[in-house]
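Q: my questions concern the predicted model and sequence given below.
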Amino acid sequence: MYAAVDDIAARGAVLVAVGEPGIGKSSLLQAAGTHARGGDCLVLEATGVESEVGLPFAGLHQLLRPVLPQLDAIPPAQQRALRCAFGIEDGPVRSLFLTALATLSLISEVAVARPVVIAIDDLQWLDEPTHEVLAFLARRIDSDPIVILGACRTGYPGSVLGVRLDVNGLDEADARRLLLRHARALSVVDQEAVLTQAAGNPLALVELAAAVPNGSPTADPAFIPLSARLERAFAARITELPPRTRDATLVAAVDPEGETPEILAATAVLAGEPVTLDALEPAAVAGLIEFDLVRVRFRHPLIRSAIVQSETGGRHRAAHAALAAVLEKDPYRRTWHRAQSIVGPDDEIADELELSHVASIRRGAVTTAIAALERSAQLAADGATRGRRLLMAAEHAFGLGRADIVDRLITAASVTPLSDLDQARMEWLREIFSDGVPGDDERILELSRIARESARAGDTDLALNLLLGAALRCWWANPGAEARARVASVTLGLPDVRDDPRYVATLAVAEPIRQARTVLDILSKVSAETVPNGDALRLFGAAAHAVGDQPRALEFLERSEKLLRYRGRLALLSQVLAMQGVVRLDLGDWTGSDSATEEARRLATDTGQPIWSIGPLVNEARSAALRGDSERALRLAALSEQMPALRPLNLFLACAQLARGFAFITAGRHAEAFDALRRVFDPADPCHHPREQLCGVMFVAEAGAYGDRRADARRIIARMEDLARITPAPLLEVQLRYARAVLADDDEAEALFRAGLATDLSRWPWVKARLQFAYGTWLRRHRRVTESREPLRQALDVFRLIGARTWAENAQTELRAAGDRTATSPSVSPERLTPQEQQIARMAAEGMSNREIGQQLFLSPRTVGSHLYRIFPKLDITSRNQLAARLS
């Protein structure tokens, strides 16, 4: 830990000491904190409290209390997020990740003046929102003068945020020296008993030795856990305290805030008489606590648990009731303590808890809201009310992506007497994490039936949720025509929902071919700039993408990205960026595609969304193939097929097969490319997907033309022509223009090339460049050399711009064969940058400051600066003023 602190100016670090209670973790943290203060670091401290697990951001408030006066240094939206999280200010619902970003910004700002060391004891008992914020920080401080040091008990692997430091006990010689220093007066027999039972645990050596006058340690059976024996040693001191002191220490043990005036006020309620600061003094003399006019602190976490263990359940509840009585000005905490003060049903408190979960949601503490609803359900006397509250909690768990919690809650709800609508809601929640199973048509038909019944009962909102779930099954797993049609027909039959983004998204993903005309008509009436909701824009973008209108999809998704970034909604943002990665690839913005895909995967990992964290693999494979890195593309395609979450889903099988086909084409292996691609177009093949086949139209045509499979390719394209009479999908339309010309006989080819190039392809530069290259090649091979140069030059410019290396090399070869010697490769390409570096470089070139870039990408300004430090030599420049020219 000292080494991490000493190196803090060079890099950030995260270290967590792990060991049994009393092994020395807290002492290590304290020593590291003292060392850090000696090095002029600011030390921010917090301790997890077992009783505060249900109170959102209690640990974060502890940690940030010393630097809250500097909140004005961070953006206003982030200031509000922290104030709402701490209950200082009321406001609209805040994202947990906006609170996390605000924490990163605040600590980064503080660290500009002084390095910051964050020291957290008992990580395993931090409230979950605080733990998630710390995990967010831990992934983003590599380049900042910030070190996170933690201590965690053995047996809580989820609490270890960074590098694990296992803390072991003292060897026999050191244990004897420590014991003699603290208990030289003990008899040899008692010393040996203490040494045996302490097993090298430093705290046990001291405290068990101190307990000997109250009873020999040999009275403790060997099978009792060491932590329990320590608690009993502390408990022996607790029983000797005066009654008012015991009351005060019990209140302090169940009050995670630890504020002295609050503890004394609650103690007075518990005791039924006035209590002064003197009531705490005997506990301090006994070495159990430290206190001042502001706070009460336990000398060791085990002392707190020893107090709780030494008191009866009735006393615990009385202490909670006393705290509730003095918290009239804090209704949120008052309700929480009231809920801990009772046994058995109590509808009044249950109703208060249900209302309190709204405050938790507003603070961004969804896990706390779930806990409040669960406790509210336990306290409710009515079974139907219990079931409804459990389903509400399950819906919030779905929002977090926690399939495990959703499953537990709906299992509990299923044994309660649910209404018909709540039964339907439970079916939707059962469905919500299913991405579909190939051939599972019956489930889709069942969901459609439940949706129709829900709509008839007046709950069209639930009906839309059910239908969107069914439609997503159709999208991921490609069921039969009947299932797709049923989802679409029930959706079309819903009253007064045409303006709801779920309506158009459901039609698009369920029936991307047959409903494309309806979907495009609806989307044509929606302006992205007038939609204020990032999630609605996400659904509109998904609908446009599903029906192949990539330019329109990008408009919706870019606007959605902007709003979701501003609100810190990282889970939805990862989905938007993943879709952007696909859309930008189709349109020819490959640099933007790589950046979006990389960030999508990173954010999906942060937010616990497996399908969105591994799904982008297939887009990376397609991108690598198009750029000419065939070996990497084939490796990624094979890897995606080995992923259990992706393997059964037709969508990803189709995308992997497309990547293979693209890779074989760029490697010049056209016959193999055709064999790979034709599977995507075969309805009987597991790799078939009705929407994704549209992405392969011009590639299967090229593979057939150059792989001696022209007749087979023409049959596939003829089927695509039939589809074009059903769907006006722009993606299909532009790709068919290429396919027709490439597969045409010589007497028809030129007219088809000219017709394709006469189309407005300004939003489809990749397709246009492919057409220009194919046309230029056709002209040169028909000895029209002079005419061939211009389309070849135009194609070469675009290929270079978007990073299509193989096609650029082919265009240069054709130009040289046409007698054009001017085409040379550029000396430097931004393609040498990683996707994240490309993203940062573009933002810096647009004039954004490091702080502004960091706010957009959820990084600290110093991390952005470190990336720019690496970017400049890669681009052979020395300042950000040169970025725009170099990137252009």
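A: Here it is on my side, so go on.

Q: the bottom helix or strand of the chain by mean pLDDT?
A: helix 226-238 (a mean of 69; mean pLDDT, DSSP states H and E).

Q: could I get the full set of strands for the stretch 501-650 of the chain?
A: Applying DSSP state E, counting those that start in this stretch to the stretch 501-650 of the chain gives no strands.

Q: sorry, wrong one. I was asking about the chain.
A: 13-19, 42-47, 116-121, 146-153, 163-166, 289-291, 296-298 (DSSP state E).

Q: now the longest one, how far from the chain's geometric center?
A: For strand 146-153, the distance from its own C-alpha centre to the chain's C-alpha centre is 22 Å (Cα atoms, centre = their mean, to the nearest Å).

Q: just the first one next, same as before
A: Counting by Cα atoms, centre = their mean, strand 13-19 is centred 23 Å from the centre of its parent chain.

Q: for it, list the C-alpha coordinates in CSV.
A: Presented in CSV, the C-alpha positions along strand 13-19 are these (Å, rounded to 0.1, in the frame of the first residue of the first chain):
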residue,chain,number,x,y,z
ALA,A,13,-4.1,2.3,-8.4
VAL,A,14,-6.7,0.1,-6.6
LEU,A,15,-5.7,-2.3,-3.9
VAL,A,16,-7.9,-4.2,-1.5
ALA,A,17,-6.5,-6.0,1.6
VAL,A,18,-8.5,-9.3,2.2
GLY,A,19,-8.4,-11.3,5.4
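
Q: that strand vs strand 146-153, what angle?
A: With axes from the mean of the first three to the mean of the last three Cα atoms, to 10 degrees defining the directions, strand 13-19 sits at 10 degrees from strand 146-153.

Q: now do strand 13-19: everything it contacts.
A: Residues outside strand 13-19 that contact it (Cβ atoms under 8 Å, 6 or more residues apart in numbering): 1, 4, 7, 25, 28-29, 123, 138, 141, 147-154, 159-168. All C-beta spots, glycine's among them, are computed from the backbone N, C-alpha and C.

Q: how about the strands of the chain, which one is nearest Val487?
A: strand 13-19 (46.5 Å; Cβ to Cβ).

Q: what pLDDT does the most centrally placed residue in the chain get?
A: Geometric centre of the chain, nearest residue: Thr607, 1.5 Å, by Cα atoms, centre = their mean. Note on Thr607: pLDDT of 79.

Q: then Ser159?
A: Per-residue confidence (pLDDT) for Ser159: 64.

Q: repeat for Asn214
A: Reported pLDDT for Asn214: 48.

Q: cool, and His357?
A: pLDDT, His357: 84.

Q: just Pro438 next, same as before
A: 57.

Q: what of the one 5 residues further on?
A: In the predicted model, Arg443 carries a pLDDT score of 88.

Q: try Ser434
A: Ser434 is given a pLDDT of 63.

Q: would you map the helices across the stretch 401-550 of the chain?
A: 403-413, 420-431, 441-456, 460-477, 481-492, 501-510, 516-524, 534-546, 550-567 (DSSP state H, counting those that start in this stretch).

Q: run the chain-centre distance for the last one.
A: Right, helix 550-567. 18 Å.
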